[in-house]
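Visitor: structure for the following, please:
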Amino acid sequence: MAWPLLGAFLCGHLLGFLCLSVIVVWDRPSGSVLLGSSVLGLAVQVTVPTEPLSMPVGKTAELSCSYSTSVGDNFALEWSFVQPGKPISASVPILYFTNGHLYPTGSKADRASLLHNPPTGGLATLKLTDLRPSDTGTYLCNVNNPPDFYTNGLGLINLTVLVAPSNPLCSQSGQTSVGGFAALRCSSSVGAPKPVYNWVRLGSSPTPPPGSMVQDEVSGQLILTNLSLTSSGTYRCVASNQMGSASCELNLSVTDSSEGRVAGTLIGVLLGVLLLSVATFCLIRFQKERKKEPKETYGGSDLREDATAPGVSEQASVRADSSKGLLEKSPSTSTVTTTKSKLSMVV
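Guide: Predicted coordinates for the structure are as follows:
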């Protein structure tokens with residue numbers, strides 16, 4: 001019976017030793033849970049701001065990071081960066097401090113430094129100059145000090161670089177005729193935080209009826225329904241955030257479909273009249289050209305019944321005509337023969 005009692009006693013003391021060797025520490029200012037050890041070593045405690053940091057573009061940001069540990073020869077500090085929407089495992093290094101030397105690295109190397117160098121006094125604040133929109137993301141302050149392995153010594157800081165909206169681009173789509181609808185869109189390619197969009201109508205035109213104008217400040221879209229001729233005009237979109245604002249304008253022209261049909265009919269009638277006029281002109285001109293053509297004449301080989309034979313004088317022709325008259329009055333055979341013989345002699 002002694003061995004079971006002895007075993008229970010030893011197990012109880014062993015569990016008590018393990019419980020005392022690992023201590024859970026609640027850090028009220030930082031809101032973090034720390035693991036420490038009263039026997040095996042000290043815990044690495046890293047403190048960073050709990051609230052996100054926002055700084056205007058072009059300014060200098062100081063990312064505060066402090067730690068508490070017994071700094072030894074194996075102490076190492078690393079700052080790294082991860083873009084928005086990516087996991088922590090995708091972080092890229094900014095700078096290292098190890099063995100008493102600082103090693104900046106990456107695309108931010110020429111703008112990143114430590115506020116206190118060397119960072120062995122419990123302060124590891126990162127200084128980043130000339131802020132750019134691409135600097136928006138999460139920054140990791142990682143302190144490693146073997147043999148303090150009871151925490152990962154990691155602190156996260158979210159930084160947003162504030163940028164005024166760029167000049168937005170305005171566009172439209174839809175059926176811009178009476179009774180139709182139109183969708184007006186507005187968007188800025190740059191702006192942090194994300195701009196909000198507000199459409200306004202310029203001029204003193206009548207106010208559209210309720211429900212015919214609906215806009216979305218997040219997407220920058222304006223929907224106009226049941227369009228009328230009074231819906232025509234100039235519309236302005238204003239993109240704004242805490243850093244500033246920018247705007248663009250768009251001219252909306254609403255057409256009346258009935259007027260378009262009347263105009264189309266009128267144009268058709270005018271074209272028909274024009275074609276008829278051209279056809280009439282061509283016909284009249286063709287008739288005039290025909291009247292100007294010369295009449296048909298006889299050629300040199302054509303003989304006329306009353307033509308005078310070559311070499312016969314006018315007197316012979318007269319005598320021949322007289323004889324012809326006599327022949328007509330006296331139809332006797334001898335007279336006809338005499339006259340023909342005379343004509344032969346003359347020839």
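Visitor: could you use CA atoms for every contact and neighbour count after this?
Guide: Will do.
Visitor: show me where the stretch 151-300 of the chain has helices.
Guide: Using DSSP state H, counting those that start in this stretch, the helices of the stretch 151-300 of the chain run over residues 257-291.
Visitor: where are the low-confidence patches of it?
Guide: Applying pLDDT under 70 to the stretch 151-300 of the chain picks out residues 151-152, 258-265, 292-300.
Visitor: kindly report the domain assignment for this protein.
Guide: 21-162, 169-257 (automatic domain parsing).
Visitor: can I get these in a markdown table with mean neighbour count?
Guide: Formatted as a markdown table, the domains of the chain follow (neighbours: other CA atoms under 10 Å):
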| stretch | mean neighbour count |
| --- | --- |
| domain 21-162 | 17 |
| domain 169-257 | 17 |
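Visitor: could I get those domains as JSON lines with distance to residue 278?
Guide: Formatted as JSON lines, the domains of the chain follow (distance: least, CA to CA, whole Å):
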{"stretch": "domain 21-162", "distance to residue 278": "70"}
{"stretch": "domain 169-257", "distance to residue 278": "32"}
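Visitor: and of those domains, who's closest to residue 287?
Guide: Closest approach to residue 287 among the domains of the chain (CA to CA): domain 169-257, 45.7 Å.
Visitor: start and end of that closest one, how far apart?
Guide: 29 Å (CA to CA, to the nearest Å).
Visitor: nearest residue to residue 146 in space, please, no chain neighbours.
Guide: The shortest distance from residue 146 to any residue other than its chain neighbours is 6.1 Å, reached at residue 74 (CA to CA, 6 or more residues apart in numbering).
Visitor: how about residue 239?
Guide: Nearest non-adjacent residue to residue 239, counting by CA to CA, 6+ apart: residue 197, 4.6 Å away.
Visitor: contact partners for the one you found?
Guide: By CA atoms under 8 Å, 6 or more residues apart in numbering, the residues touching residue 197 are 186, 216-220, 237-240.
Visitor: repeat that with 6 Å
Guide: For residue 197, the contacting residues are 217, 220, 238-239, by CA atoms under 6 Å, 6 or more residues apart in numbering.
Visitor: then residue 243?
Guide: Per CA under 6 Å, 6+ apart, neighbours of residue 243: residue 164.
Visitor: just checking, residue 47 touches residue 68?
Guide: No - between residue 47 and residue 68 there is no contact under CA atoms under 6 Å: 8.7 Å.
Visitor: hmm, back to that, tell me how far the residue nearest to residue 146 lies from residue 119.
Guide: Residue 74 is 13 Å from residue 119, by CA to CA.
Visitor: now residue 174
Guide: According to CA to CA, residue 174 stands 62 Å off from residue 119.
Visitor: go on, residue 84?
Guide: Residue 84 sits 28 Å away from residue 119, going by CA to CA.
Visitor: and what of residue 83?
Guide: Applying CA to CA, the value for residue 83 to residue 119 is 25 Å.
Visitor: one more: residue 57?
Guide: Applying CA to CA, the value for residue 57 to residue 119 is 27 Å.
Visitor: pull the contacting residues for the residue nearest to residue 48 when sequence neighbours are not counted.
Guide: Counting by CA to CA, 6+ apart, residue 65 is the residue found nearest to residue 48 once chain neighbours are left out, at 4.9 Å. Neighbouring residues of residue 65 by CA under 6 Å, 6+ apart: 47-48, 124-125.
Visitor: now distance to residue 94 and pLDDT too, for these, in a markdown table please.
Guide: Shown next, in a markdown table, are the contacts of residue 65 (distance: CA to CA, whole Å; pLDDT from 0 to 100):
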| residue | distance to residue 94 | pLDDT |
| --- | --- | --- |
| 47 | 19 | 93 |
| 48 | 17 | 96 |
| 124 | 13 | 95 |
| 125 | 13 | 97 |
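Visitor: of those, which belong to strands?
Guide: Within the contacts of residue 65, residues falling in strands by DSSP state E are residue 47.
Visitor: which one of the contacts of residue 65 is nearest residue 178?
Guide: Among the contacts of residue 65, residue 48 lies closest to residue 178 (CA to CA), at 60.7 Å.
Visitor: quick check: the closest residue to residue 168 other than its chain neighbours vs residue 200, distance?
Guide: Using CA to CA, 6+ apart and skipping residues adjacent in sequence, the residue nearest residue 168 is residue 188, 4.2 Å away. Distance, residue 188 to residue 200, using CA to CA: 17 Å.
Visitor: same deal with residue 240?
Guide: 14 Å.
Visitor: before we move on, what about residue 141?
Guide: 47 Å.
Visitor: cool, and residue 123?
Guide: Here the criterion is CA to CA. By it, residue 123 lies 52 Å from residue 200.
Visitor: repeat for residue 87
Guide: To residue 200, residue 87 is 41 Å away according to CA to CA.
Visitor: then residue 269?
Guide: Relative to residue 200, and taking CA to CA, residue 269 is found at 43 Å.
Visitor: now residue 214
Guide: 11 Å.
Visitor: go on, residue 271?
Guide: 44 Å.
Visitor: could you pull out the strands for the stretch 51-200 of the chain?
Guide: In the stretch 51-200 of the chain, the strands defined using DSSP state E, counting those that start in this stretch lie at 53-56, 61-63, 66-68, 76-82, 92-98, 101-104, 112-114, 126-128, 137-144, 154-162, 169-175, 181-187, 196-201.
Visitor: for residue 236, name its beta-bridge partners.
Guide: residue 200, residue 249 (DSSP bridges).
Visitor: swap in the one 4 residues further on?
Guide: Beta-bridge pairing of residue 240 under DSSP bridges involves residue 196, residue 245.
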